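Asks: The sequence and its predicted three-dimensional model are supplied below.
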Amino acid sequence: MISKKTAMMVLNAALATGGDYAEIYCEETNGEGILLENGKIESVGKSQSYGCGIRIFQKNRSVYGYTSDLSLKSLTALATSLAGSFEGERLITVTNIKKQKVKEIGKIEDHLLDVPVEEKAALLRECYEETKAVDPRLVRIINGLTSTERTFHLFTAEGETAKYFVNTEERGRIAMQAIAAGADGKIEVSFSAPGKSDGWHYFKDVLNTKEEARKVGEKAIMFLTADECPSGRYTVVIANGWGGVLFHEACGHSLEATATAKHLSVFSDSIGQQIASPLVTAYDDGTMPYEWGSNNIDSEGNKTQKNLLIKDGICKGFMVDKLNGRRLGMPANGTSRRQSYRFAPTSRMSNTYIAPGKDSPEDIIKDTKLGIYVANFGGGSVEPTTGEFNFSASEAYIIRDGKICEPVKGCTLIGSGKEVLMNIDRVGNDLALGQGNCGSVSGSIPVNVGQPTIRIKEITVGGRGGRLE
């Protein structure tokens, strides 16, 4: 994207006023999206973007800017302007750039962007037909497939020899939505969107798209006749996979150095302290091959890692980027991420999950006399400084005498990260992951949330269905 010679000149311009670290992040992203509505192609689009971001540190201060003009003149002007934020004498002169080896954690052979649109549309039509066959009350069915390939070139300088990294990442995601309409005018929506950092074979041969499409339709129909969820303090069992979004939001964000370094997290001073039930061990792992949130390196050139966050309920560490690592006195650990060159990177989650325990999910349900079973979540919000959250369940059921019974709608879980973590009293052996996009100060990024089936012995449940009996 830019030559080493250009990079050296721009880095030196950035370091002219006493900066002790500078980076140039150049990126090109190519994407394709295809959308079908009721089996007919609604849109097909291709996209391309490129640009460059420059960041400079002076101790614990940072400045960032970006441009889509990659000429030497433009980049030098941006670097000089950013360097003007600092006052001081030059500490570093870059005289050499050395390319770094980047090891692939998952090699892709059948690139999604190489697959003809007609072949992708045929797969989406198969999904549509499978959903449509469920029930005539399904009035609108939307299917889509997005494919993205991003390559970035990163130059980082802390001394005379700058480091040069080249990294490519690819992702695909298939989305299925079913909308059901009842005779009484009620509308219910069901949604699923599995994704992977993998090639076409995953969507064509590995993922059971027909089964996923059928389930989407069945759930939309089922909730047309569901009663409202009761409210009160109840035992709640949360399913594996996407159920991990509760941990992601209620705890994960609070363990990012973005928050902990500025004491904006309820867990800022918690390393070495018990913050969860002894049954809880949790990781953020960016090294899992082909997973939605994985990467070879992070946005600062650090190798991704399997980072232990909680062990047996004890807080063991944070997700740490370079700048906040300076503030905390901790090394960066491969968790610095950004949406694109338009954002400065910071510590973010990748594949974050509660580790499996020893209980079978069947035994957890069997041992719950009365409670709520949450199979999936919709939206929610959390305040990292207090850990307080509320989450709406998109799929929930009543547990009676150790059995999952009637579905309920309008279920909301209300509490705090500290409360929910300490109240986990059963952890299953059925770890699974769910794909999503997470928004924060460095933009929206792909992440996996995950957990085995877990049980929370008591938590506040909101709903309009009265008391559970």
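Replies: Great, that's in hand.

Asks: same question for stretch 165-172, mean pLDDT?
Replies: For stretch 165-172, mean pLDDT rounds to 98.

Asks: Helix, strand, or coil at Glu212?
Replies: With DSSP: H, G, I helix; E, B strand; the rest coil as the basis, the three-state label of Glu212 is helix.

Asks: dump the residue contacts of the residue lying closest to Leu224 once chain neighbours are set aside.
Replies: The shortest distance from Leu224 to any non-neighbouring residue, by CB to CB, 6 or more residues apart in numbering, is to Gly182 (4.4 Å). C-betas here are computed from N, CA, C, even on glycine. Neighbouring residues of Gly182 by CB atoms under 8 Å, 6 or more residues apart in numbering: 137, 188, 224-225.

Asks: let's see 10 Å
Replies: 137, 188, 221, 223-225 (CB atoms under 10 Å, 6 or more residues apart in numbering).

Asks: Map the structural domains onto the sequence of the chain.
Replies: The chain resolves into domains spanning 4-222, 227-462 when parsed by automatic domain parsing.

Asks: any idea which of those domains is most buried?
Replies: domain 227-462 (a mean of 21; mean count of other CB atoms under 10 Å).

Asks: What is the end-to-end distance of it?
Replies: One end of domain 227-462 sits 14 Å from the other (CA to CA, to the nearest Å).

Asks: any idea of the mean pLDDT for that domain?
Replies: Confidence for domain 227-462, expressed as mean pLDDT, is 95.

Asks: From the chain's centroid, how far away is it?
Replies: Relative to its chain's centre, domain 227-462 lies at 11 Å (CA atoms, centre = their mean, to the nearest Å).

Asks: Looking at the domains of the chain, which is nearest to Glu469?
Replies: domain 227-462 (8.1 Å; CB to CB).

Asks: Please name every helix or strand in contact with the helix or strand that contains Asp425.
Replies: Asp425 is part of strand 424-427 when elements are defined by DSSP states H and E. Under the contact definition 3 or more CB pairs under 10 Å, 6 or more residues apart in numbering; DSSP states H and E, strand 424-427 sits against strand 232-238, helix 361-366, strand 454-462.

Asks: what element comes up after the first one heading to the C-terminus?
Replies: Going down the chain from strand 232-238, the next helix or strand is helix 245-247, by DSSP H and E.

Asks: what does that following helix contact?
Replies: Taking CB under 10 Å, 6+ apart as the rule, helix 245-247 contacts 236, 238, 252, 276, 280, 282, 309-310, 352-354, 374, 376-380, 382, 389, 391, 393, 413, 415, 417, 420-421, 424, 434, 436, 438, 447, 449-451, 454, 456, 459.

Asks: Can you measure across stretch 346-356, start residue to end residue?
Replies: End-to-end distance for stretch 346-356: 28 Å, by CA to CA.

Asks: hmm, back to that, reformat the domains of the chain as CSV; add distance to Leu468.
Replies: As requested, those are exported to CSV (distance: least, CB to CB, whole Å):
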stretch, distance to Leu468
domain 4-222, 19
domain 227-462, 4
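
Asks: how about CSV for the helices and strands packed on strand 424-427, with distance to Gln177 added?
Replies: Listed next are the helices and strands packed on strand 424-427 as CSV, based on distance: least, CB to CB, whole Å:
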stretch, distance to Gln177
strand 232-238, 23
helix 361-366, 27
strand 454-462, 25
